[in-house]
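Colleague: sequence and predicted structure below; questions after.
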Protein chains: 4
Amino acid sequence: MINTEPQNRRERRIAARQEQILEAASIIFSTKGYERATTREIAEAADVSEGTLYNYFDNKIDLLNGVARGFADEITQKIEAIEANNLEDMMAQLLTDRFRSGRERRLFMLFLYEARLNPEVHRYYGQEALQRIISATEKRFRSLIDAGVMRPVDPDVAARAISATIMGFAALYELGQHKAQDNNRFSAERWGSEVTDLFLNGLQVISRADGEGK
Amino acid sequence: MINTEPQNRRERRIAARQEQILEAASIIFSTKGYERATTREIAEAADVSEGTLYNYFDNKIDLLNGVARGFADEITQKIEAIEANNLEDMMAQLLTDRFRSGRERRLFMLFLYEARLNPEVHRYYGQEALQRIISATEKRFRSLIDAGVMRPVDPDVAARAISATIMGFAALYELGQHKAQDNNRFSAERWGSEVTDLFLNGLQVISRADGEGK
Amino acid sequence: MINTEPQNRRERRIAARQEQILEAASIIFSTKGYERATTREIAEAADVSEGTLYNYFDNKIDLLNGVARGFADEITQKIEAIEANNLEDMMAQLLTDRFRSGRERRLFMLFLYEARLNPEVHRYYGQEALQRIISATEKRFRSLIDAGVMRPVDPDVAARAISATIMGFAALYELGQHKAQDNNRFSAERWGSEVTDLFLNGLQVISRADGEGK
Amino acid sequence: MINTEPQNRRERRIAARQEQILEAASIIFSTKGYERATTREIAEAADVSEGTLYNYFDNKIDLLNGVARGFADEITQKIEAIEANNLEDMMAQLLTDRFRSGRERRLFMLFLYEARLNPEVHRYYGQEALQRIISATEKRFRSLIDAGVMRPVDPDVAARAISATIMGFAALYELGQHKAQDNNRFSAERWGSEVTDLFLNGLQVISRADGEGK
DNA sequence: AATGAATGAGACTTCATTCAT
DNA sequence: TATGAATGAAGTCTCATTCAT
């Protein structure tokens, strides 16, 4: 019998149970938000009793922190895994990927919103997780600037701008979902390419080099 | 004796009272979010009894809708009032204004977040208030495109991109506020001009090598 | 100018206003019951302000007492006005009249129910008004017994039995109203005659005189 | 080991708890009526917290429906259990039983009154519980008619008349209770036999002159 | 005398958390 | 370790009554 990471069977079972609860919490929180989600429905979704929840997590906010941790890990990993050496491909992947999963969109919003209201989420998500996401983006930008394919803007500002836009769109996108009539206006691909174009080429007419600036 | 708008003293007092309640609600909601705000503290902030709240608004969500209405009015008015006929100035004002007021930033987040979770807010804010804000922006863009100073991008997409970015930044900004040490990194002016540059000139280096850098 | 009862114009106006409020209260109370009726809707139905209600009545229960007083007056008067010297006619009138007006049926129920819960209503309605109604009925019975057309039962018991039956039927009738399909089963006339028959002739077969009793 | 009904200890405890809550609710509702009863006092009477109430019943009205169900069960069972093959005995038992328990009398009134005002109670009590009680009575009457000891009146009308009378008396009786001086006038037994006589023999003197008077 | 805005006690209900089994 | 019944604090909302205008 091979024990890879979690030493014995018991610890593996515990880890699995925790994962199962976090998965359920992630679904419920992303759907209903933190305040409106109840521990009862999280327990039901995880197929455990409410009491069991409290064997694995101290309280409701600890559950949210657990979800935040997993979410941040997943996003950073995805961003770091993007393989693209021209700017256009990278942007397209960065944006389109973010728009694709409904749960991801909603979790983005959730944490952004909750981080301001909840000190624990703020400490964990606002200062740590988000930092890692922005840093991962920044690193990609820096290498593209070094490669000469991206304008030498402040890569930190650019990374934040991209992140902010993604998060803002996540919200707009969710709202648009409700309108059935013009679904195509809101496809992840369409938004991805349109916004990529904006970010790559800016709003100004190309012939601006002749000095209409400020 | 001519009574122009609020006919008599009583009606004036009632209008003032409604305003006073909305102002209090706006502060509390923007600070604590919808669910965490209690009618008790809104009443206290408005210096009236809880019962009085319900003489002016049907229920808690109606209070939020009242705030949303005022918010949308104010923003659209501000956007329409921007006087600028070059793109850069307009963008700078549009963005900087939005980053300036903490309450405005937080309300942007609040409505965006709540609109997905609460059907009533969605109906009112997501489909009416937000629409007006985006339309006002779109109209500005369209005239700039007609004037030939802005690339002929889809003005609806651009307006949404700007709005999304503003909302995303509103969130990032609020999180940054907590870090006292590098306050200057997050001044409305700095963000305004950096993001303006990004939006105007894009990230790409190509075909713009003739020196438009800042 | 003739001043009959309420001496001057002012007193007449006051009496009229009181009547108008009582009429409204009677409608609302009979429809919704005491607890579920609100002073606001009574005021609206009377077309006066809530404040005015309290200029004419001390409080909500005083309104109910006022309605009870008028109701008892009206019923006793009606019972005393019945002209019939055979038992069958009298019973038919007594019962059918009581079943005819929806408001009267509901007020019967209302006072019966409230009298137990509310000391004031109990004192006024349960001990005084109801007493008058029963006495009026009793007096009619006594004269019929004296005339030899009615069995010499205890007229008090008989009067109470009739009153009880009327009140019970009032309730059953109201419930039946909701069923549209067999409306005719519940017409005042049908009930009146069926119950008259029961009360006049009893349930036992006529040939019981030959001793199947206990 | 055979577990017949309430399988294990836990389930037995839960059933007992539900019963304990219903018993408390029955007392409070019958004493104060539905609107005046508060969930707080029901909880106190049941010796549980208010929260626990809501683990067993959805809301206040569900609590009343629970009481109604038990009430209807009990009454129908009692009526069906009456052993009497002559009309007089049966009537005497039917009436006297109904007059005996104060709580039963008050619940009769309560449901009759509430059924008109509350759609949920109407649906449950007015159309189901009451129906069962009347049907049980009707069935008894029908068999007595078949046996030839009861006049062939419409058994449905007779059952309703009896039920109505019982309910009406329940109300009168309760009012009378307050008068301490002539308690004996209102004993269940006295009313039972007097009203039995009325119902059996009717009020009319005719064609019965052959001496059945009591 | 009439008005109706203001009040605040109190009602019902929810839900995170605990703890005996 | 898992369960879920019990808890009770806290939230939203209603409504009889008062009182300045």
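Modeller: Thanks, I have it. Residues are numbered from 1 along each chain as shown, chains lettered A, B, ... in the order given.
Colleague: in chain A, what residue is nearest DNA strand F?
Modeller: Using CB to the nearest atom of the strand, the single residue of chain A nearest to DNA strand F is residue A:51, 1.9 Å away. Bear in mind the C-beta positions are built from the backbone N, C-alpha and C, glycine included.
Colleague: care to break chain A down by domain?
Modeller: Domain assignment for chain A by automatic domain parsing gives A:1-57, A:65-210.
Colleague: how about chain A: which residue is closest to chain D?
Modeller: residue A:40 (11.5 Å; CB to the nearest CB).
Colleague: confirm that residue sits in a helix?
Modeller: Yes - assigned with DSSP: H, G, I helix; E, B strand; the rest coil, residue A:40 falls within a helix.
Colleague: the spatially most central residue of chain A: what's it in contact with?
Modeller: Ranked by distance to the mean C-alpha position of chain A (CA atoms, centre = their mean), the top residue is residue A:108 at 4.6 Å. Residue A:108 makes contact with A:98, A:166, A:167, A:170, according to CB atoms under 8 Å, 6 or more residues apart in numbering or on different chains.
Colleague: how about residue A:47?
Modeller: Contacts of residue A:47 by CB under 8 Å, 6+ apart are A:20, A:24.
Colleague: now do the buried residues in stretch A:82-92.
Modeller: A:82, A:87, A:88, A:90, A:91, A:92 (16 or more other CB atoms under 10 Å in any protein chain shown).
Colleague: and that stretch, end to end?
Modeller: 10 Å (CA to CA, to the nearest Å).
Colleague: give me the distance from that stretch to the chain's centre.
Modeller: 18 Å (CA atoms, centre = their mean, to the nearest Å).
Colleague: do stretch A:88-101 as well
Modeller: The answer for stretch A:88-101 is 12 Å, by CA atoms, centre = their mean.
Colleague: is it positioned near chain B?
Modeller: Yes - applying CB under 8 Å from any CB of the partner chain, one finds stretch A:88-101 in contact with chain B at A:88, A:91.
Colleague: next, count neighbours for residue A:9.
Modeller: A count of neighbours around residue A:9, defined by other CB atoms under 10 Å in any protein chain shown, yields 10.
Colleague: give the contact list for the residue nearest to residue A:67 when sequence neighbours are not counted.
Modeller: Nearest residue to residue A:67, sequence neighbours excluded (CB to CB, 6 or more residues apart in numbering or on different chains): residue A:26, at 4.7 Å. Contacts for residue A:26 (CB under 8 Å, 6+ apart) come out as A:67, A:70, A:71, A:103, A:107.
Colleague: any of those buried? List them.
Modeller: Using 16+ other CB under 10 Å, the buried ones in these are A:67, A:70, A:71, A:107.
Colleague: who are the contact partners of the last one?
Modeller: What it means is residue A:107. With CB under 8 Å, 6+ apart, residue A:107 has these contacts: A:26, A:29, A:30, A:67, A:71.
Colleague: just the mean pLDDT for the top helix by length along chain A, thanks.
Modeller: In chain A, ranked by residue count with DSSP state H as the criterion, the top helix is helix A:9-36. Mean per-residue pLDDT for helix A:9-36: 93.
Colleague: in chain A, which spans are helices?
Modeller: A:9-36, A:39-46, A:50-56, A:60-81, A:87-100, A:102-117, A:119-121, A:130-146, A:155-177, A:188-201.
Colleague: what angle do the longest one and helix B:9-36 make?
Modeller: Right, the one you point to is helix A:9-36. Helix A:9-36 runs at 170 degrees relative to helix B:9-36, counting by axes from the mean of the first three to the mean of the last three CA atoms, to 10 degrees.
Colleague: mind listing what's buried in helix A:9-36?
Modeller: Quick answer for helix A:9-36 (16+ other CB under 10 Å): A:21-22, A:24-34.
Colleague: and those, which two are furthest apart?
Modeller: For the buried residues of helix A:9-36, the maximum inter-member distance is 18.2 Å, found between A:21 and A:33 (CB to CB).
Colleague: where are the low-confidence patches of chain A?
Modeller: A:1-7, A:85, A:177-188, A:206-214 (pLDDT under 70).
Colleague: run through the residues of it sitting next to DNA strand F.
Modeller: A:17, A:48, A:49, A:50, A:51, A:52, A:54, A:55 (CB under 7 Å from any atom of the strand).
Colleague: just give the nearest non-adjacent residue to the third one, would you?
Modeller: Think residue A:49. residue A:43 (6.0 Å).
Colleague: for the one you found, the count of nearby residues, please.
Modeller: 20.
Colleague: on that earlier part again, how close does the residue nearest to residue A:67 get to residue C:160?
Modeller: Remark: distance between residue A:26 and residue C:160 (CB to CB, to the nearest Å) = 70 Å.
Colleague: mind checking how far residue A:79 is from residue B:171?
Modeller: 19 Å.
Colleague: of the two, give the one with the bigger neighbour count.
Modeller: residue B:171 (29 against 21).
Colleague: residues in contact with the nearest residue to that one once chain neighbours are set aside?
Modeller: Closest residue to residue B:171 apart from its sequence neighbours, by CB to CB, 6+ apart: residue A:112 at 4.2 Å. Applying CB under 8 Å, 6+ apart to residue A:112 gives the contacts A:167, B:109, B:168, B:171, B:172, B:175.
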